[in-house]
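Trainee: using only what follows, build the 3D model:
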Amino acid sequence: MNPSTRALRALRSAAQSACLLLLATCGEAPPPAGARPFAVALLLAGPENDEGWNQQAFEGLQQIERELGAKVRKVTAKSAVEIEQALAAAAGNDFALVFGHGFEFNAPASKAAVAFPDVDFVTTGGTLVAENLAAVVLRNEEASYQLGVLAGHLTKSGVVSSLHGEAFEPVKRVAAAFAAGARSVRADVRVVEEYLGSWEDAVLAKEKALAHAAAGADLFFQNVDAAGAGIFEAARAKGALAFGCNRDQTGKAPDVIVASAVAEIPKLMVELAKEARDGTFRGGARSFGLAEGDVRIAFNPALAERVPAAARAAMEAAAAAIARGELSVVPR
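Mentor: Got it, this is the predicted structure:
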């Protein structure tokens, strides 16, 4: 970052700090003349009501608006061209922080970070970083490993289903960790793993889940967002249990979802937004998981009796070992 850019960012930080001080001491005092309101944009590649990955981020944006009083905007961008245009539009319209929710936003954001050095960028995934670009890794696999441990305790057939949207690297890590967790309990467990090629096709998801049930699966782990509705229908039809992913999905199927692997995306987004607002934003590779309190397991209270004490104890022991750095759930 050159000296002039650093000075611009320092001026922005000073203006924001002055605004915060006035608000704290004078109630409704207006911001200093010329200070722009803190504004945050979120770019999504899928629907914000998918009850999974994208909805978590959208709820984070809403939380930023409520808690920080920020001006916010959500934009859907899927193709590379749409993403580049959306990043440039947000950065060029006084948005101080731009989130790209998914690794596919990382390469375009690295270009935008150069073109707009006084704007902070965050992508959930990717490896390209800069002083004003943070590539965030959410270690969701740490929670999916715990669900694998639970699956190893619960399965009677010794066969479990593992269905996922697309074979992206972070998704494959989640799938691999689930399988490793199950095999840590039962070395002979068979994991029927498959990728749908879609995050929204509930009909296809149900069809695949029923096929896995026909192959002997009596538990269903899924990372398919909106398409999960089909898997929950299949589990219900077979009298089986299922797991939620990315967010606490209990409310979607409280009769079959026994536990969910949760990524605390809203919490993390608020923390990063506070950094950007306060002028303390750190770019670079940043990783969040169990140890940081950003990944966890949410149990369904209505099905608590389905989780044996030994299974819960094993999950807790695994979580403690992971947080201490003593257990690697999947090779990186």
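
Trainee: make it CA atoms for all contacts and neighbour counts henceforth
Mentor: OK.

Trainee: now Gly60: which helix or strand?
Mentor: Gly60 belongs to helix 53-68 when assigned by DSSP states H and E.

Trainee: show the average pLDDT along that helix.
Mentor: Average pLDDT, helix 53-68: 96.

Trainee: buried residues, that helix. List them.
Mentor: Across helix 53-68, burial judged by 16 or more other CA atoms under 10 Å covers 53-65.

Trainee: one more: stretch 202-220?
Mentor: Neighbour-count burial for stretch 202-220 flags 202, 204-206, 208-210, 212-213, 216-220 (criterion: 16+ other CA under 10 Å).

Trainee: farthest-apart pair in those, please.
Mentor: Largest separation among the buried residues of stretch 202-220 by CA to CA: Ala202 and Gly216, giving 21.0 Å.

Trainee: for the helix or strand where Leu87 lies, C-alpha coordinates in PDB please.
Mentor: Taking DSSP H and E as the criterion, Leu87 maps to helix 80-91. C-alpha atoms of helix 80-91 as PDB (Å, rounded to 0.1, in the frame of the first residue of the first chain):
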ATOM      1  CA  ALA A  80     -17.400 -14.100 -13.300                       C
ATOM      2  CA  VAL A  81     -18.500 -11.100 -15.200                       C
ATOM      3  CA  GLU A  82     -21.400 -10.400 -12.800                       C
ATOM      4  CA  ILE A  83     -19.100 -10.800  -9.800                       C
ATOM      5  CA  GLU A  84     -16.500  -8.300 -11.200                       C
ATOM      6  CA  GLN A  85     -19.200  -5.800 -12.100                       C
ATOM      7  CA  ALA A  86     -20.900  -6.100  -8.600                       C
ATOM      8  CA  LEU A  87     -17.600  -5.700  -6.800                       C
ATOM      9  CA  ALA A  88     -16.700  -2.600  -8.800                       C
ATOM     10  CA  ALA A  89     -20.100  -1.100  -8.400                       C
ATOM     11  CA  ALA A  90     -20.100  -1.600  -4.600                       C
ATOM     12  CA  ALA A  91     -16.600  -0.300  -4.100                       C
END
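
Trainee: other SSEs contacting that helix?
Mentor: strand 39-44, strand 97-100, helix 106-115 (3 or more CA pairs under 8 Å, 6 or more residues apart in numbering; DSSP states H and E).

Trainee: out of the ones you listed, deepest packed?
Mentor: Burial of these is given as mean neighbour count (mean count of other CA atoms under 10 Å); strand 97-100 ranks first at a mean of 27.

Trainee: give me the residues contacting it.
Mentor: Contact with strand 97-100 is made by 39-44, 87, 90-91, 106, 109, 119-124, 273, 276, as judged by CA atoms under 8 Å, 6 or more residues apart in numbering.

Trainee: at 6 Å what do you get?
Mentor: Here strand 97-100 makes contact (CA atoms under 6 Å, 6 or more residues apart in numbering) with 40-43, 120-123.

Trainee: low-confidence ranges in the protein?
Mentor: When residues are selected by pLDDT under 70, those of the chain lie in 1-35, 331-332.

Trainee: can you redo the buried residues of stretch 202-220 as CSV with secondary structure and distance to Phe288?
Mentor: Below are these laid out as CSV (DSSP: H, G, I helix; E, B strand; the rest coil; distance: CA to CA, whole Å):
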residue, secondary structure, distance to Phe288
Ala202, helix, 30
Leu204, helix, 32
Ala205, helix, 29
Lys206, helix, 32
Lys208, helix, 32
Ala209, helix, 31
Leu210, helix, 35
His212, helix, 33
Ala213, helix, 34
Gly216, coil, 35
Ala217, coil, 32
Asp218, coil, 32
Leu219, strand, 28
Phe220, strand, 26
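
Trainee: hang on, the earlier thing: dump the helices and strands packed on helix 80-91 into a markdown table; add distance to Ile257 as well.
Mentor: Rendered in a markdown table, the data for the helices and strands packed on helix 80-91 read as follows (distance: least, CA to CA, whole Å):
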| stretch | distance to Ile257 |
| --- | --- |
| strand 39-44 | 26 |
| strand 97-100 | 30 |
| helix 106-115 | 33 |
